[in-house]
Structure formats: C-alpha cells, structure tokens
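Novice: Quick check, what structure comes out for this input:
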Amino acid sequence: MQRVRIPAGELAHLDRGAGAPVLLIHGFPLDHTMWDAQIDALANTARVIAPDLRGFGESPRGDVDSNQGISMEQFADDLVALLDAIGITEPIVLVGMSMGGYIAWQFIGRYPERVRALVQLDTRAIADDEETRAGRLKMAHNVAEWGSGRVAEMMGPRLFSPRAFETKPGLVAAVRRVVEATSPATIAAAQRGMASRPDVTGMLSSISVRTLVIVGDQDVISPPAEMEAIAQAIPNSEFVVIPNSGHMTTMEQPEIVNEALREFITSLDRRHLTPST
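Specialist: Predicted coordinates for the structure are as follows:
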C-alpha cells in the first residue's frame, strides 16, 4: 500500500498497472481488498487505483465531526485529492460498489470533467426511507457499545447469496474479518454520512458518459429491479445481471464481474469516445 497526504489527512491505496486509469471505490464497511480479483484482472491493461477510504483499512479517519459523520461528498473530494496527489489529470473510469456507488454519484456530479466512463455495482440512487435511515442512525449511536463484531453479524446474511454460505465459507469469513477490523467510530461516521445522502435519481438522465450497471441476481440490498431502473434512466448505459450472487458480486462471482469490466473498459477505446465535459 502507498500513502499520500490529502487536505483531509492521509489515504492508503494500491496503484498497479499502466494505461488508462481506473478508480475502484469500495463498499461499507470494507476496504480495497473487496476488489482483489478485479485488481488482478485489470492491472495488466489499465492503471488501477484502489484506495482505502478515510477511516477504512489502512487509511486513518482524521478529524471527523461526530454528529455529522463523513458525507458522500467529502469522500468524493478525498478521491479527487488522491488523483491530484498521484498525478492523474486525465478522465478516469470511475467504479463504485454499494457505498462506493453513493460516492461515485457525488464524484461525477461534482467533477464530471474527471470521468471518462462510469461503472456502478450493487448500489442505489434513491435516498434512504425513514426506516432505513433510522436503522443507520441507531447503529451509529450504538456501535461503540456493540463493537464491530456485532455489525458483522448483522450485515453478514445480507451480503451474500444463501448458497455462498454453504459453498464459500472462507469468503464469508474473510469479509467478516474485514468488518470486524473496521473501527466503531468509522462505522458510525459512514452510517451518518449515508443516512444524510441525497436522492440522485433526478441527475441520472444528465449523465453523458458511457455507464455500466451491474447487480447480483439475489442482491437484497440493491434489488435487481431497482438497479435496472437506474440503467434505464442513464442514456448511454448497459445493464448486466450476475447470476448466483448476492450483494458482493465482486467477490462472490469475480470471474463474471471481471469479464464484464474488461469488455466494457476495452470497448471504450474501440469506440474512440471522448471524455465528458
């Protein structure tokens, strides 16, 4: 892992390969390791940047308002600062998963000139309803007492398909370890940030770059029908359903996800698309 200073503190990140830059934004409450299979698959044809978001993995949290948490906009600003710090000025392929997708919406909304193409996996465009928002704030309030292990217990059954618990117990255990290693303060900060995120459905029709939307066919967090509606709302988009997968498509069915990503990224060059402005 490499480290760079940004205005908000420090970000740890992997920077592998050469070629067109691809930025991978991980989900909650995980770190860059959820992209391990994609990093390996893409790094021989692209420059892959996979950060640990502030407070996750090896990145320190820095100063955070305990009542406000870290907003999706702040995470997006951090990532632009990371790109600047490592000298990437050309438009990127922006890839977000789950919370990373929430951040990607803010990134492309605030910095459209920095985005060449967009990939959204297992995420949502709508804001939380009252029940979901209340659940996030309850976790944020109680996680210091609960500990991260309880968060892993609560989230685990929703992250994978039922079959994965039988056939891939090592994978499930690996994700659990990452969640358990995430500090309660970071979990609280991110939950507050997600609870306050805006509804972005109104901006989808204005996204002009080519977009790939991916979802697991058994995702209960970001249901396939909802993800298909996102794809339909974005003018220049493609929609891919990953079979036999829950929310964690990148880990549960990495080969299928990798194939979709490789095909999408290489097709950008074949079509000689220009960056968005």
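
Novice: where in the protein is pLDDT low?
Specialist: Low-confidence segments of the chain (pLDDT under 70): 270-277.

Novice: which residues of it fall in strands?
Specialist: All strands of the chain, identified by DSSP state E, fall at 2-6, 9-16, 21-25, 47-51, 92-97, 115-121, 210-216, 237-242.

Novice: Make TSV out of the ones you listed and add distance to Asp199 and mean neighbour count.
Specialist: For the C-beta atoms, the positions are set from N, CA and C on the backbone; glycine is no exception. Below are these laid out as TSV (distance: least, C-beta to C-beta, whole Å; neighbours: other C-beta atoms under 10 Å):
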stretch	distance to Asp199	mean neighbour count
strand 2-6	28	14
strand 9-16	28	19
strand 21-25	19	25
strand 47-51	26	25
strand 92-97	17	28
strand 115-121	15	26
strand 210-216	17	25
strand 237-242	19	18
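
Novice: right, and Val220 touches His247 too?
Specialist: Yes - Val220 lies in contact with His247 (C-beta atoms under 8 Å); the separation is 7.1 Å.

Novice: In contact with the residue nearest to Met99 when sequence neighbours are not counted, which residues?
Specialist: Spatial nearest neighbour of Met99, chain neighbours left out: Phe28 (3.9 Å); criterion: C-beta to C-beta, 6 or more residues apart in numbering. By C-beta atoms under 8 Å, 6 or more residues apart in numbering, the residues touching Phe28 are 98-99, 187, 190-191, 194.

Novice: anything in contact with each of Val220 and His247?
Specialist: Joint contacts of Val220 and His247 (C-beta under 8 Å, 6+ apart) are Arg158.

Novice: Please say which of those two ends up with more neighbours.
Specialist: His247 (25 against 12; other C-beta atoms under 10 Å).

Novice: Quick check: closest non-adjacent residue to the spatially most central residue of the chain.
Specialist: The C-alpha lying nearest the average C-alpha coordinate of the chain belongs to Gly100 (C-alpha atoms, centre = their mean; 2.2 Å). Using C-beta to C-beta, 6+ apart and skipping the chain neighbours, the partner closest in space to Gly100 is Ile25 (3.3 Å).

Novice: Next up, the contacts around the one you found.
Specialist: Per C-beta under 8 Å, 6+ apart, neighbours of Ile25: 51, 53, 75, 79, 94-97, 100-101, 103-104, 107.

Novice: again, but for Val172
Specialist: Contacts of Val172 (C-beta under 8 Å, 6+ apart): 156, 159-160, 164-165.

Novice: any chance of these in CSV, plus distance to Gly216?
Specialist: Formatted as CSV, the contacts of Val172 follow (distance: C-beta to C-beta, whole Å):
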residue, distance to Gly216
Gly156, 15
Leu159, 10
Phe160, 9
Ala164, 10
Phe165, 14
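
Novice: Mind checking which of these are buried?
Specialist: Buried members of the contacts of Val172, scored by 16 or more other C-beta atoms under 10 Å, are 159-160, 164.

Novice: With respect to Gln68, which of the residues you listed is nearest?
Specialist: For these, the closest approach to Gln68 (C-beta to C-beta) belongs to Leu159, at 26.7 Å.

Novice: what's the distance between the closest one and Glu226?
Specialist: From Leu159 across to Glu226, the span is 17 Å (C-beta to C-beta, to the nearest Å).

Novice: Identify the bridge partners of Val93.
Specialist: Here Val93 sits in beta bridges with Val22, Ala117, going by DSSP bridges.

Novice: I figured it hits Pro21, correct?
Specialist: Yes - counting by C-beta under 8 Å, Val93 touches Pro21, with 7.1 Å between them.

Novice: For these two, list the residues in contact with both.
Specialist: Shared contacts of Val93 and Pro21 (C-beta under 8 Å, 6+ apart): Ala46.

Novice: which residues does the nearest residue to Gly9 once chain neighbours are set aside contact?
Specialist: For Gly9, ignoring the flanking residues on the chain, the nearest one in space by C-beta to C-beta, 6+ apart is Gly62 at 3.3 Å. Residues near Gly62 by C-beta under 8 Å, 6+ apart: 8-10, 54-55.
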